[in-house]
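Trainee: fold the stuff below for me.
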Amino acid sequence: MKNNTKILDCTLRDGGYMNNWEFSTEITKEIIKSLIKSRVEIIECGFVSQVKGKDKDSTQFKNLRQVNDLLKSLKVDLSDTNFCVMINKGDFDLNTLPSYNPKNDIVTGIRLAFHKKDWRESLNDISLLISKGYHVYIQAMVTLSYTDIEILEMISELNKLDIYAMYIVDSFGAMFGDDFMRLHYLFENNLKDNICLGYHSHNNLQLAYSNAINFIQIKETNRKIIIDSSIHGMGRGAGNLTTELLADYLNKKKSTNYNIIPLLETIDKYLEVIYRENYWGYSIAHFLSASFGCHPNYSTFLVNTKSLSIVDMQKILSLLDNGERKNFAKPRIEELYINYKSKKRLSINFNSNFFEKQKILIIAPGPNSENQKEKVNKLIKSISPIIIAVNHIPQKYTPNYYFFSNQKRFDKFKSKINTNNIIVTTNIQVDTVIDSFKVVDYHDLVVMTSNKNDNATILLLNLLINQGIKEVNVAGMDGYNIEGGNYNYNESDRVVEKKILIHNNEKVETSLKEIQKKISLNFITDSIFNK
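Mentor: Predicted coordinates for the structure are as follows:
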């Protein structure tokens, strides 16, 4: 039987989640040309969206004309390649989409993506796109969330329409082999023979490649199949099926003739730097999202707090109901996170005027507290302050107290500190006698800033405000450097993603603006927040 498998490369669309679709126009052209040279049959050029589309240097396009004009400007032979775009339901008024003109237009396919709740309503959109002359690819997101009966009902309705392809979509990378086989059986045996069957995967469980190979091997009919992949596996979270691996497999097992070299050159020239700055691939967060069948951003948020144990993360994710798990809502996971940490594991015993009228020096864990020790020591010599270290043990100073609100940091340092000198927030779990610990209420401190920032230094500043302190000296509150080196000690469990570091800086800055209305901050060492 001849090979009926086609590769659809989605680097410029699904890969765009990793760089906010900020592919320059020139790089977009080069990636498309490399895919054409590689002989990939279908290239997805990006999203078309009236909501998020940009005028240039983005693969979030405002309209289809932009995509067609870009493809025409390539000045290469496009005749052996099919081109498509994705439209998320609700992001584009399809009535304004021009009809396909075979004499002038390059893009022939529209991939319509919709959630389960919208599939019936999407039937009208599908009919409209077909009437405008496009090949329509049906992307029923999170296909695992449909029951067998619901799938059969949807297939029955789609069989009445002249769709080009119907997809099994593993949005959360949660499909095991038997899950895929069950869905494949339903689609293969009920979908009209002339409709292509597609598979779009994510790699949370590292099964995207094996499921794709199974898909290729179990073919018993002449139905054409389409397998989505991206160069270097570029995609949100754990990434996608890898185009170069899939193409190499088909070359060796199905005698296809894909050219792998242009794909590898694209990785080397354009994608490797994005990978280093915005890592995608297997991680604990992506395992958890697949395990709980939830949007990967939920588990990524929890992992990036760097303050929770795996057990804590599991407990928080279990609080999401089935309806909430499919669509990411940041306010909801923030609420669950704060509520979970606000549960009092320890009894409050902190005197309300413990630091009253004291001169205070906070040693935050930024490297400038050590690099600029002369400034710090000068202050210590001149005012003899109470020194409070935050979430660590400084090497060059002897604090009077150590403040911990982060479970992981507490576990790392607790055995090296006299318990009489430890101040902890109520969320901390301890496995020793705690009579000598000083305990303050986490919830009372975190709600003092409007953005409920639980950065440890912010919490300590809020505690000092409650203590009536009017002025405080701060060292080592440097702000996060996106190039790394953010701790004055060896910290392996740290945030490295550029966009998360930038977000954390913005969140701290917002909190400090509120705090500085209540207490005077004297930055002893250099800080991005001292403006």
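
Trainee: was I right about F292 contacting R325?
Mentor: Yes. If you go by CB atoms under 8 Å, F292 and R325 touch, sitting 6.7 Å apart. For the C-beta atoms, the positions are set from N, CA and C on the backbone; glycine is no exception.

Trainee: where do the contact lists of the two overlap?
Mentor: Y298 (CB atoms under 8 Å, 6 or more residues apart in numbering).

Trainee: list the buried ones in stretch 348-367?
Mentor: For stretch 348-367, burial by neighbour count (16 or more other CB atoms under 10 Å) applies to 350, 355, 358, 360-367.

Trainee: swap in stretch 470-487?
Mentor: 472-480, 486-487.

Trainee: just give me the closest of those residues to L379.
Mentor: Lowest distance from L379 to those (CB to CB) belongs to N473, with 6.0 Å.

Trainee: for the closest one, give me its contacts.
Mentor: Contacts of N473 (CB under 8 Å, 6+ apart): 359-362, 379, 383, 385, 522, 524.

Trainee: what pLDDT does it get?
Mentor: Note on N473: pLDDT of 97.

Trainee: do you know how far the nearest residue to N522 once chain neighbours are set aside is from S382?
Mentor: Distances taken as CB to CB, 6 or more residues apart in numbering put N473 closest to N522, at 4.7 Å, once the chain neighbours are dropped. Plainly put, N473 is 10 Å away from S382 if you go by CB to CB, to the nearest Å.

Trainee: go on, W119?
Mentor: 70 Å.

Trainee: more crowded one of the two?
Mentor: A direct count of neighbours by other CB atoms under 10 Å for W119 and S382 places W119 higher, at 20 against 9.

Trainee: which residues touch that one?
Mentor: 140, 154.

Trainee: how many other residues sit next to the closest residue to N159 other than its chain neighbours?
Mentor: In space, N159 comes closest to K192 once its chain neighbours are excluded; the distance is 4.9 Å by CB to CB, 6+ apart. By other CB under 10 Å, 14 other residues sit near K192.

Trainee: and K192, which of the three is it?
Mentor: Classification of K192 using DSSP: H, G, I helix; E, B strand; the rest coil returns coil.

Trainee: and this structure, what are its domains?
Mentor: Here the domain parsing of the chain from automatic domain parsing is 5-277, 284-342, 360-523.

Trainee: just to revisit the earlier point, including distance to Y134 and secondary structure, could the buried residues of stretch 470-487 go into TSV?
Mentor: Listed next are these as TSV, based on distance: CB to CB, whole Å; DSSP: H, G, I helix; E, B strand; the rest coil:
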residue	distance to Y134	secondary structure
V472	63	strand
N473	65	strand
V474	59	strand
A475	61	strand
G476	58	coil
M477	55	coil
D478	53	coil
G479	49	coil
Y480	45	coil
N486	49	coil
Y487	53	coil
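
Trainee: endpoints of stretch 352-370, how far apart?
Mentor: Stretch 352-370 has its terminal residues 31 Å apart, counting by CA to CA, to the nearest Å.

Trainee: and if you look at stretch 311-323?
Mentor: 22 Å.

Trainee: can you name the residues in contact with that stretch?
Mentor: In contact with stretch 311-323 (CB under 8 Å, 6+ apart) are residues 288, 292, 294, 298-299, 302-303, 308, 332-333, 336-337, 340, 407.

Trainee: filter these down to the buried ones, PyMOL style.
Mentor: Provided next is the PyMOL selection string for whichever of the contacts of stretch 311-323 are buried by 16+ other CB under 10 Å:
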select buried, resi 288+292+294+298+299+302+303+308+333+336+337+340+407
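
Trainee: list the buried residues in stretch 162-182.
Mentor: Buried residues in stretch 162-182, defined by neighbour count with 16+ other CB under 10 Å: 163-175, 179-180.

Trainee: may I have it exported as PDB, CA atoms only?
Mentor: Provided in PDB are the C-alpha atoms of stretch 162-182 (Å, rounded to 0.1, in the frame of the first residue of the first chain):
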ATOM      1  CA  ASP A 162     -17.600  18.600   2.800                       C
ATOM      2  CA  ILE A 163     -14.800  18.900   5.300                       C
ATOM      3  CA  TYR A 164     -11.200  18.200   4.300                       C
ATOM      4  CA  ALA A 165      -9.800  16.800   7.500                       C
ATOM      5  CA  MET A 166     -11.000  15.800  11.000                       C
ATOM      6  CA  TYR A 167      -8.400  15.700  13.900                       C
ATOM      7  CA  ILE A 168      -7.800  13.800  17.000                       C
ATOM      8  CA  VAL A 169      -6.400  16.500  19.200                       C
ATOM      9  CA  ASP A 170      -4.300  15.700  22.300                       C
ATOM     10  CA  SER A 171      -4.300  19.300  23.700                       C
ATOM     11  CA  PHE A 172      -2.800  18.400  27.000                       C
ATOM     12  CA  GLY A 173      -0.500  15.600  25.900                       C
ATOM     13  CA  ALA A 174      -2.500  13.100  28.000                       C
ATOM     14  CA  MET A 175      -3.100  10.300  25.600                       C
ATOM     15  CA  PHE A 176      -1.800   6.900  26.200                       C
ATOM     16  CA  GLY A 177      -1.600   4.400  23.400                       C
ATOM     17  CA  ASP A 178      -4.900   2.800  24.200                       C
ATOM     18  CA  ASP A 179      -6.600   6.200  24.400                       C
ATOM     19  CA  PHE A 180      -5.400   6.900  20.900                       C
ATOM     20  CA  MET A 181      -6.300   3.500  19.600                       C
ATOM     21  CA  ARG A 182      -9.900   3.900  20.900                       C
END
